[in-house]
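Chemist: What would the 3D arrangement of this be:
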Amino acid sequence: MTPEEAGVPVGPGLRRTPGLRREELATLAGVSIDYYARLERGKETNPSASVVDALARPETGRGGARTSARPCRLRRPQRRRGAPGRAQPHRSSRSPADAGQPAALPTYVVSRTMDIIACNPSGLRLFAGMGDWPANERNVVRYVFLHPQAQKLFDDWDEQIRACVGRLRALAGIEPDAPDLVRLVGELHAKSPEFTDLWERYDVRWHTHGSKTFHHPEVGDITPGYQSMQIEGTPGQRFVTYFAEPGSSDHDKLALLDMTSPQDTSVSSPLSGD
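Modeler: Model (predicted):
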């Protein structure tokens, strides 16, 4: 929301932030700027209920604060009668196991800042034109904001850039001075006005599963499902795979991506269908 909507007087000079500044939000919530900054960076972990409510008021633009700050309550698991049924895998984890599919599924591993550190050929080709970049520059956030193909590729590019910024914002809330994060954010600030605008909004939402529509220059329009999973025992790495129902046109197009002319997929640890 704008300062005018919140009833905050706007002083002279150019504003970099379209919404409320930290000091303006702190004033509306009735807390000091220093205290609010500690909350934002996770250095103050026990705010009072009144502070949480003040930050969650609609006029502060922080409606999610109350939900985020609510303590977790552990529940005693209920005892069920009879033997439990066998768990069924979600279709995103079932599809890779189907015969003949592994090589066709676009799959990659990303670091916590979304560097592509391992991938199979179709995983790279799904992001049209990313294979033209050197392996050490292949980063999903960099691609979405800076590659000339990105806006044409994603049907909902605006949502994609918000999700990318949200994931980086979540990392910044934990490790704001991490060198890998600082380098990437600095580069995007310098090269993308859209990134700078979204970064100042402090939105930390992102998606771990769902579907995406691509307007792909090689295979046409395609809407695969996707699943993003944390890899245990790693420093924030995630495994991402795209899938489609066998026999569907989307599945055929995923297979076609895997069969097109070879491209360089050299990264730290390439994935294969073996």
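
Chemist: quick one: low-confidence parts of the stretch 151-274 of the chain?
Modeler: For the stretch 151-274 of the chain, the stretches flagged by pLDDT under 70 are 205-207, 260-274.

Chemist: how near is Pro47 to Arg38?
Modeler: Distance of Pro47 to Arg38, computed by Cβ to Cβ, to the nearest Å: 10 Å. (Each C-beta comes from the backbone N, C-alpha and C, glycine too.)

Chemist: quick one, what contacts Tyr143?
Modeler: Phe127, Met130, Trp133, Ala150 (Cβ atoms under 8 Å, 6 or more residues apart in numbering).

Chemist: what about it, which SS state?
Modeler: Assigned state for Tyr143: helix (three-state reduction, DSSP: H, G, I helix; E, B strand; the rest coil).

Chemist: Among the contacts of Tyr143, which lie within helices?
Modeler: Counted as lying in helices by DSSP state H, out of these, are Ala150.

Chemist: need the contacts of Tyr143 in a markdown table with neighbour count and distance to Gly225, can you?
Modeler: Converted to a markdown table, the contacts of Tyr143 look like this (neighbours: other Cβ atoms under 10 Å; distance: Cβ to Cβ, whole Å):
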| residue | neighbour count | distance to Gly225 |
| --- | --- | --- |
| Phe127 | 24 | 17 |
| Met130 | 23 | 20 |
| Trp133 | 18 | 26 |
| Ala150 | 20 | 20 |
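
Chemist: one step back: more neighbours: Pro47 and Arg38, which one.
Modeler: Pro47 (18 against 15; other Cβ atoms under 10 Å).

Chemist: Am I right that the more buried one falls within a strand?
Modeler: No: the assignment for Pro47 (three-state DSSP) gives coil, which keeps it out of a strand.

Chemist: Could you report the pLDDT at it?
Modeler: In this model, Pro47 is scored at 76, pLDDT.

Chemist: What separation is there between the spatially closest residue to it that is not a sequence neighbour and Lys253?
Modeler: Counting by Cβ to Cβ, 6 or more residues apart in numbering, Leu39 is the residue found nearest to Pro47 once chain neighbours are left out, at 6.1 Å. Leu39 is 47 Å from Lys253, where distance means Cβ to Cβ.

Chemist: Gly233 too?
Modeler: Distance check for Gly233 against Lys253: by Cβ to Cβ, it reads 34 Å.

Chemist: Check Arg162 too.
Modeler: Distance, Arg162 to Lys253, by Cβ to Cβ: 26 Å.

Chemist: can you check Asp203 too?
Modeler: From Asp203 to Lys253 the distance is 32 Å (Cβ to Cβ).

Chemist: Please apply the same query to Ala26.
Modeler: Computed as Cβ to Cβ, the Ala26 to Lys253 distance reads 50 Å.

Chemist: List the contacts of Tyr108.
Modeler: With contact set as Cβ under 8 Å, 6+ apart, Tyr108 has these partners: Ile116, Ala118, Cys119, Asn120, Gly123, Leu124, Val240, Leu271.

Chemist: Filter those down to the buried ones.
Modeler: Neighbour counting with 16 or more other Cβ atoms under 10 Å marks Ile116, Ala118, Cys119, Asn120, Gly123, Leu124, Val240, Leu271 as buried within the contacts of Tyr108.

Chemist: Nearest residue to the third one in space, please, no chain neighbours.
Modeler: If I follow you right, that is Cys119. The nearest residue in space to Cys119 (Cβ to Cβ, 6+ apart) is Tyr108, at 3.6 Å.

Chemist: Kindly export the one helix or strand the one you found maps to (C-alpha atoms) in CSV.
Modeler: Taking DSSP states H and E as the definition, Tyr108 sits inside strand 107-110. Presented in CSV, the C-alpha positions along strand 107-110 are these (Å, rounded to 0.1, in the frame of the first residue of the first chain):
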residue,chain,number,x,y,z
THR,A,107,14.8,-32.5,-13.9
TYR,A,108,17.4,-30.4,-12.2
VAL,A,109,18.9,-29.6,-8.8
VAL,A,110,19.3,-26.0,-7.6
